[in-house]
Structures are given as structure tokens and as C-alpha cells.
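Chemist: Provided below for reference: sequence and predicted model.
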2 protein chains.
Amino acid sequence: MQRPDEKKRALIAATAARLFATRPFHKVKLDDVAAEAGVGKGTLYIYFKSKEDLYFWLIYDAFTQVLERLKRQLEGEQIPAGEGLRRILSELVKFAFDHPTLYELMRTAGPIIPDERWADRRREFTGLIERTIRRGNVSGEFDDPHPQITALCVPGLVRSVMLFGPKGLDEATVTAQLIRLIERGVYRNGKKAMKRTRTPKRTALASGRGGR
Amino acid sequence: MQRPDEKKRALIAATAARLFATRPFHKVKLDDVAAEAGVGKGTLYIYFKSKEDLYFWLIYDAFTQVLERLKRQLEGEQIPAGEGLRRILSELVKFAFDHPTLYELMRTAGPIIPDERWADRRREFTGLIERTIRRGNVSGEFDDPHPQITALCVPGLVRSVMLFGPKGLDEATVTAQLIRLIERGVYRNGKKAMKRTRTPKRTALASGRGGR
DNA sequence: CTTACAATACTGACGAGTCGGTTTTGAGCA
DNA sequence: TGCTCAAAACCGACTCGTCAGTATTGTAAG
């Protein structure tokens, strides 16, 4: 009955994730985690170094899961950029719907995590999206002047909707709408349609130092 | 030295905002807030009921500021929906650049704030955007099947870019790109619709706005 | 008899909130 | 202008509950 640890680690992780998603870090007591997981408090410390370690691990793990799924979606043959973008979006939304707890958890996470690995993962993530857009630009499929900014936006869209959206929203609707938004923003339209958007002037105007 | 208390309240608030933006709630010590504000700890409790109260007040206040500015931008005559949307975006970005601290602070805010006022404000906010989009739909300017979802996305876009974007980004570029994304996602396709938007020359984006 | 763990008792630090003493303010008065 | 005094603002050392983390004990399985 008591040999394999991975099962128990997962149990603890799931319980903790649930609690951390429900209330802020400082309100989650490890006593509660232990109790709800049906585990001794001491056991927690067999699997995790500290409360912060546990918390970090949860987020890192969840994020890694998303990342791996995305990579799997995009690997292989030459998927057209548009298709790639669509897959990214639906994969993200799917994950958010399937694991609301983990998604909510990542929200809390904020960038204030000292660990460098977190930032690395994050960069890897947006890099994936950015590269897809650039690929589309090169192939002529897209025409996005700022793939980096757009890439940053993608997870933000999903986050906002999941976080503040009304409860009734269904996955398909959300996916469709987000895809629509991003796609339109990025695709090369009938040339005249997007002719404008002030592109020519931008550089000159931006002269006046942004902020900070 | 100081007679009017509002000055001091603002000082405390600003200091606290800085600290709360820098580290998570549970790592901010009121002793530090007091020290950095050059104020006795007891004084904090003259102006704020508790740590949570202080925190909540900061966020609520910041959010209210944005909301008021937006309202001011949109009130008055019949601004075309497209122009309204553009104003919303640039106002948000401007605020984010001007008050990075407050903006970052609002990020943290998701945390299950018990107070109903917070949810109200939030609804008021997205409602403003949603209504603008609907107006555009009615006038034929836009053609967005899900104004509500789109409205939810807007603040998310700004957030993502400000939060994870590289430091170098300047306000004008960010504004332009976000406007482009949303606009394209929302406008009725077809050359004539597009053209109308452009006719009135772009609003003065370069309106100064120095960082400091 | 050993291993892995639940249960639980324990402790030490930490930090929110308090309280009594001190300073500032401004009104009333000369 | 100067003095008095009460009320309000202010300070910061102290208190006291709360947990994170640890050590101990009992027990079931192998």
C-alpha cells in the first residue's frame, strides 16, 4: 500500500492546487492541505521542500503541461502558420476549460516568482507563438508588424475571458471568437482593406520616449 | 508640518502601492510600509482599517481612476464607435505607461476580493467597452458576433503586454498594435468599411506624454 | 525488524494590530 | 503677537495569535 510515491505526490499536488486556486497564498494553511489530502503534515515535507516550493512546483508543472501540448500540436510537418495559430488558441482554451484550477493558479503566479526557470518557460511559450506568426509573415500568409506584441497578447486573451467571463460561455464559442480576433489582426487582408493603420508614420511619431 | 491629512493618506497609499506591486501580499510588511513612508506604524491605522483594507483601497482607487478617464473620453457627442474603441485602447495604454505601479497592482487584484464593489466596477468597465462595440455593430461600422467576449479581451491585451513585454516598448507602438488587433477583429470587412475609418485623420497619437 | 506513513504535539519566528505616551494644530482669549 | 489648552494626529515598542516547519509516537504492511 505504501511504496510508490508518485501517486501520493500527485494527490498532494492536486489538493494544494485546489486550495491555492481558491484563496491567496497566505490564507492557505499546510495543515489544511494535509488534512484534505488525507495525509500527515510531515508527509508534505517528504515531497516538497517548503510551502513556496510546493506552490512553485504546481505552477511550473501546470505551465509545462500546456507548453508540451502546444509543442506537440505544432511539431512535425510544415503546418501553415494560420493553422498553427488556430491550434495554439484552441489548445489554450481547451486547457483552460479542462483545468480551471490550474489555469486560475497560473494567474495568481504573477511574474514575481524569483526563479529563473519560470521566466525561461514563459519566454519559450511566447517564443513559440511569435515564431509561428513570423513564419506566416515570411510566407506571405500574415502581415503583422509586431509579432512579439501579438504573441504576448494571446495568453492574455484567454486569461481574461476565463477569469472574468460569465459562467455560461462554452469552449467552442470562446475558441471561435478568440481565433477570429487574432486571425483578423494578423492576416494579410485584401490589400486595400488594411492599407491604412498608420504604418508609415509610426516610427517618426514614436520619437517622444514612451514611458518609464 | 502637515495639517491636511489627505496628503499623508496619499503618501502612504503611494508607498504601499509600490511595495505591493513589487512583492506578493504576504511578503509586504506594514512595518516596511510605515518605514518607507516615513510614518509611524500606528498612523497607518488612522487611515486604513487593516492591511487588507489598505490593499483593497489601493486597487479600487486605481481602477476608479481608469474608469473615470475612460468615461470622460467617451462622453459627449456621438463619437463613432471606431474612434471610441481607439480612445479606449490608447487611454488604457497611457494609464499603464504612466502608472506602471498601479497597473501592476491591479494585476494582483484577481484574488477573490470579497467586496462586491470590485466586481461592480469591473462590470461597469467591460460594459463600457461592450456597449461601444455594440454601437458599432448597430451602425454597421462593426460586425462582431460576440461583443462581450471581445470586451473582456481588451484589458487583457494591455495587461499582457505591460506585464511580460520587453522593457524597450514605447507607448505609441503598443497602442498602435493593440488598436490594430482589436480594430481588425471587430470591423466589418470590405473595403468601404475600412476606408471610412481612415478618412478622418488619425488622432494625435504623438500628444507628448513624457514618461515622467 | 524495518519502512513508510498518519497523527499529533511542539517550537520559534514573525508580523498584524494595539495602546499609552508625545507632538502638532488651531481656536479662544488677552 | 503671544499664551493656553483640548483635541486630534502621530509614533513605535509591545502583545499575542498564528502557522511553517520539526520531532515524536503509534501502527500497519511487508
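Modeler: Noted; the coordinates are in hand.
Chemist: For the spatially most central residue of chain A, give its distance to A:Gly127.
Modeler: What sits nearest the mean C-alpha location of chain A, by Cα atoms, centre = their mean, is A:Pro155, with 5.0 Å. Distance, A:Pro155 to A:Gly127, using Cβ to Cβ, to the nearest Å: 12 Å. All C-beta atoms are positioned from the backbone trio N, CA, C, and that covers glycine.
Chemist: can you pull the contacts of A:Val161?
Modeler: A:Leu169, A:Val174, A:Leu178, B:Ile149, B:Leu152, B:Cys153, B:Gly156 (Cβ atoms under 8 Å, 6 or more residues apart in numbering or on different chains).
Chemist: what's the answer for A:Pro166, then?
Modeler: Per Cβ under 8 Å, 6+ apart, neighbours of A:Pro166: B:Gln148.
Chemist: quick one: least confident of the contacts of A:Val161?
Modeler: Confidence by pLDDT is poorest for B:Gly156 among those, given 86.
Chemist: Just give the nearest non-adjacent residue to that one, would you?
Modeler: Leaving aside its sequence neighbours, B:Gly156 sits nearest to A:Ser160 (Cβ to Cβ, 6 or more residues apart in numbering or on different chains; 2.9 Å).
Chemist: can you check A:Ala34 too?
Modeler: Residue nearest to A:Ala34 in three dimensions, not counting chain neighbours: A:Lys41, with 4.2 Å by Cβ to Cβ, 6+ apart.
Chemist: Hmm, that neighbour is touching A:Lys29, no?
Modeler: No. Look at A:Lys41 against A:Lys29 with Cβ atoms under 8 Å: they stay out of range, at 9.8 Å.
Chemist: who in chain A is up against DNA strand D?
Modeler: Residues of chain A lying near DNA strand D by Cβ under 7 Å from any atom of the strand: A:1-2, A:26-31, A:40-42, A:45, A:50-52.
Chemist: Just checking, which helix or strand of chain A averages the lowest pLDDT?
Modeler: Ranked by mean pLDDT, DSSP states H and E, the weakest helix or strand in chain A is helix A:202-205, scoring a mean of 34.
Chemist: isn't A:Thr101 right up against A:Leu19?
Modeler: No. Contact criterion Cβ under 8 Å: A:Thr101 and A:Leu19 do not qualify, at 9.5 Å.
Chemist: Could I get the full set of helices for chain A?
Modeler: Along chain A, counting by DSSP state H, helices occupy A:6-22, A:30-37, A:41-47, A:51-74, A:81-98, A:100-109, A:116-139, A:147-164, A:171-186, A:202-205.
Chemist: Comparing those, which comes out most buried?
Modeler: Highest mean neighbour count among the helices of chain A (mean count of other Cβ atoms under 10 Å in any protein chain shown): helix A:147-164, with a mean of 23.
Chemist: where does chain A have low pLDDT?
Modeler: Across chain A, the ranges flagged by pLDDT under 70 are A:1-4, A:77, A:107-114, A:187-212.
Chemist: Spell out which parts of it neighbour DNA strand C.
Modeler: Counting by Cβ under 7 Å from any atom of the strand, chain A sits next to DNA strand C at A:Gln2, A:Arg3, A:Asp5, A:Lys8, A:Ala34, A:Gly38, A:Val39, A:Gly40, A:Lys41, A:Gly42, A:Thr43, A:Ile46.
Chemist: Return the residues in contact with the last one.
Modeler: The neighbours of A:Ile46, taking Cβ under 8 Å, 6+ apart as the test, are A:Asp5.
Chemist: hmm, try it at 10 Å
Modeler: Listed by Cβ atoms under 10 Å, 6 or more residues apart in numbering or on different chains, the contact set of A:Ile46 reads A:Asp5, A:Lys8, A:Arg9, A:Ile12, A:Val39, A:Gly40.
Chemist: okay if I get the helices of chain A as JSON lines plus distance to B:Arg131?
Modeler: Listed next are the helices of chain A as JSON lines, based on distance: least, Cβ to Cβ, whole Å:
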{"stretch": "helix A:6-22", "distance to B:Arg131": "32"}
{"stretch": "helix A:30-37", "distance to B:Arg131": "43"}
{"stretch": "helix A:41-47", "distance to B:Arg131": "49"}
{"stretch": "helix A:51-74", "distance to B:Arg131": "34"}
{"stretch": "helix A:81-98", "distance to B:Arg131": "25"}
{"stretch": "helix A:100-109", "distance to B:Arg131": "27"}
{"stretch": "helix A:116-139", "distance to B:Arg131": "31"}
{"stretch": "helix A:147-164", "distance to B:Arg131": "16"}
{"stretch": "helix A:171-186", "distance to B:Arg131": "18"}
{"stretch": "helix A:202-205", "distance to B:Arg131": "29"}
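Chemist: Nearest approach to B:Phe142 belongs to which of these?
Modeler: B:Phe142 lies closest to helix A:171-186 among the helices of chain A, at 11.8 Å (Cβ to Cβ).
Chemist: dump the residue contacts of the closest residue to A:Tyr103 other than its chain neighbours.
Modeler: Leaving aside its sequence neighbours, A:Tyr103 sits nearest to A:Ala96 (Cβ to Cβ, 6+ apart; 4.5 Å). For A:Ala96, the contact set (Cβ under 10 Å, 6+ apart) comprises A:66, A:102-104, A:106, A:155, A:158-159, A:161-163, A:171, A:174-175.
Chemist: Looking at those residues, spot the one nearest A:Glu91.
Modeler: Nearest to A:Glu91 among these, counting by Cβ to Cβ, is A:Val66 at 7.7 Å.
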